[in-house]
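Visitor: The amino acid sequence is not available; the structure is as follows:
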Ligand code: 5GP
Ligand code: ZN
């Protein structure tokens, strides 16, 4: 999709280096990290919000979580604990309308989230 920053990053049209890539999924460092590890995992397909998911996207969503687990293990936060977050729409704080799974870890997380 034109003018979508995460489509551009996933297609390697920007300077943001990918930390993971396959045919359907890309991952990169969050530009404004909220924890020692803060990686975003995105589908290469442009999907604005979780509300736009279709039945055909079921496997793709599973792959986002598989990649999230892989990154957590690679960064050494899997056993300590980490958080996977996907925000939907304004009150949840979604600011980029291309779905992305936040992988956050490396510090104690709090609950409930802010
Ligand atoms: P949201 O608020 O939509 O759940 O998360 C969007 C995330 O994308 C934020 O954590 C923000 O820091 C990150 N972000 C926004 N623009 C860019 C960008 O151009 N590059 C990277 N690497 N991250 C971005
Ligand atoms: Zn997009």
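Guide: Noted; the coordinates are in hand. The structure displayed is predicted, hence computed values, not measured ones. Ligands and ions are numbered 1, 2, ... in the order given.

Visitor: where along the protein do the helices fall?
Guide: Along the chain, the segments classed as helices by DSSP state H run 5-10, 58-74.

Visitor: Those helices into JSON lines, with extra columns for mean pLDDT and mean neighbour count?
Guide: Glycine gets a C-beta too; all of them are placed from N, C-alpha and C. Compiled in JSON lines, these are given as follows (pLDDT from 0 to 100; neighbours: other CB atoms under 10 Å):
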{"stretch": "helix 5-10", "mean pLDDT": "98", "mean neighbour count": "20"}
{"stretch": "helix 58-74", "mean pLDDT": "98", "mean neighbour count": "16"}
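
Visitor: want to try JSON lines for those, with distance to residue 46 as columns?
Guide: Listed next are the helices of the chain as JSON lines, based on distance: least, CB to CB, whole Å:
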{"stretch": "helix 5-10", "distance to residue 46": "5"}
{"stretch": "helix 58-74", "distance to residue 46": "12"}
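
Visitor: Quick check: which of the ones you listed is nearest to ligand 1?
Guide: For the helices of the chain, proximity to ligand 1 was assessed by CB to the nearest ligand atom; helix 5-10 is nearest, at 4.7 Å.

Visitor: quick one, longest strand in this protein?
Guide: Counting residues, the longest strand found in the chain (DSSP state E) is strand 37-43.

Visitor: What pairs with that strand, parallel or antiparallel?
Guide: With DSSP bridges as the test, strand 37-43 is paired with strand 25-29 (antiparallel), strand 101-105 (antiparallel).

Visitor: rewinding a little: looking at the helices of the chain, which is nearest to ligand 2?
Guide: helix 5-10 (3.4 Å; CB to the ion).

Visitor: what sits up against that closest one?
Guide: Helix 5-10 is contacted from outside by 1, 14, 16, 18, 26, 28, 40, 42-44, 46, 96, 98, 100, using CB atoms under 8 Å, 6 or more residues apart in numbering.
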